[in-house]
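Undergrad: Sequence first, predicted coordinates after that:
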Amino acid sequence: MRQAGRYLKSYRKMREKYTFLEMCGTPELSAEVTLQPVKELDVDAAIIFSDILLPLRAMGLKVYFTEKGPFVFGDEISSIDVGKMLFTSEIMYILKKELTDKTLIGFCGAPFTLMSYIIGKGKPDENHTKYLMYNQKEKFKNRLDIITDSMIEYLKLQVESGADMLQIFDTQAGILSPSDWKEFALPFVKKLIIPFKGKIPVAYYVNGMSGILNIVEETGTDILSIDWRVDIKDCRNSDKIIQGNLDPAVLLAEKDTITEKAVYIMKTMRQKRHIFNLGGGILPQTDKNKAKFLVEMVHEWEKEP
Ligand code: 1CP
């Protein structure tokens, strides 16, 4: 989850010189930022420095990142021109050379989440999204189809360029009722995952969906990445690999609290297939030393029989 970003001094220093888009679009810079948390924290995986909204620029939309957050303009979306995303390949080629014993994670936004960002012009608007979902159902689903097919192309590009694992972020799907999730999220996520089944591990990240963990299993994902609102013990019997789910805010606490909360997760998932991770993006005010402390503790714990 958002390993790079604003909590690292090295990142903030680079951000003084370049805009976020410059950093994402310049392979050498993006690769350098991707590597910062790997070098500084010794995490086991690197997620490429980009954003779920970036490929929308190759789909006929305008996307900007400002102090106030992202902005997305334009209503008509078209299928992705993957040629415009080739800088992503270049980033991955650079990273593959550097990351010999670490997993390289490629990613994209899930169709419903991207749709919410498009409708909200960069800031998801729950009610307006649902209004269009109910009142312009066919158009809504057509657009979800275009997004799904485009993200398949974009993920394929990342796999061809060396991704070891894929993560699909469905940060907004938690606003849906279980039946709406089944209609407006599930079929598209399923379709998105199918081309990669058995070829490369796919993680599906859900946020705020504790009530429907069982149906989320239907996506066909290999790894279910969960937020911190779920008690991880409720996932112990899942047939998926579980990824998560420490509350990122725990890293603002003292070390004994960090230890207590992390150990609960590790003890609960002992003997299970589990990837330790935060349940959401790391907070900008996080002290790097505490993040490092957590990584070291998890590594120590893994060594125990
Ligand atoms: O420096 C800055 O001002 C830019 C801040 C920033 C960063 C560091 C944004 C804008 N995006 C990112 C990078 C990013 N975003 C990565 C790359 C890996 C990394 O940094 O380590 C990834 C995987 C994302 C994914 C992303 N972007 C999600 C899904 C995951 C999640 O956090 O829920 C979402 C919803 C976004 C949208 C987005 N991008 C940026 C902002 C400010 C937002 C709005 C939502 C938010 O604040 O999280």
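TA: Here it is on my side, so go on. Numbering: from 1, shown residues only.
Undergrad: Next, count neighbours for the closest residue to residue 222 other than its chain neighbours.
TA: Using C-beta to C-beta, 6 or more residues apart in numbering and skipping residues adjacent in sequence, the residue nearest residue 222 is residue 201, 4.7 Å away. C-beta coordinates here come from the backbone N, C-alpha and C atoms, glycine included. Neighbour count for residue 201, taken as other C-beta atoms under 10 Å: 17.
Undergrad: all strands for the stretch 151-300 of the chain, in order.
TA: 165-170, 202-206, 223-225, 241-246, 274-278 (DSSP state E, counting those that start in this stretch).
Undergrad: picking up where we left off before, enumerate every residue touching the residue nearest to residue 222.
TA: 164, 165, 166, 222, 223, 241 (C-beta atoms under 8 Å, 6 or more residues apart in numbering).
Undergrad: gap between it and the ligand?
TA: 16 Å (C-beta to the nearest ligand atom, to the nearest Å).
Undergrad: coming back round to it: pick out the most distant pair among the contacts of residue 201.
TA: Greatest spatial distance among the contacts of residue 201 (C-beta to C-beta): 164 and 241, at 14.2 Å.
Undergrad: quick one on the thing from earlier: and the contacts of residue 201 as TSV, adding neighbour count and pLDDT?
TA: Converted to TSV, the contacts of residue 201 look like this (neighbours: other C-beta atoms under 10 Å; pLDDT from 0 to 100):
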residue	neighbour count	pLDDT
164	16	97
165	20	98
166	24	98
222	19	97
223	23	96
241	16	96
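Undergrad: what about the helices in this structure?
TA: 9-17, 20-25, 27-41, 86-98, 111-119, 126-135, 137-160, 178-184, 186-193, 213-216, 255-268, 288-303 (DSSP state H).
Undergrad: Least confident of those helices, on average?
TA: Ranked by mean pLDDT, these bottom out at helix 213-216, which scores a mean of 85.
Undergrad: CA atoms only for that helix, dumped as PDB, please.
TA: Taking Å, rounded to 0.1, in the frame of the first residue of the first chain, the C-alpha atoms of helix 213-216 are listed here in PDB:
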ATOM      1  CA  LEU A 213     -16.200 -10.800   2.600                       C
ATOM      2  CA  ASN A 214     -17.800 -14.000   1.500                       C
ATOM      3  CA  ILE A 215     -19.000 -12.700  -1.900                       C
ATOM      4  CA  VAL A 216     -15.700 -10.900  -2.400                       C
END
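Undergrad: how far out from the middle of the chain is it?
TA: Offset of helix 213-216 from its chain centre (C-alpha atoms, centre = their mean, to the nearest Å): 18 Å.
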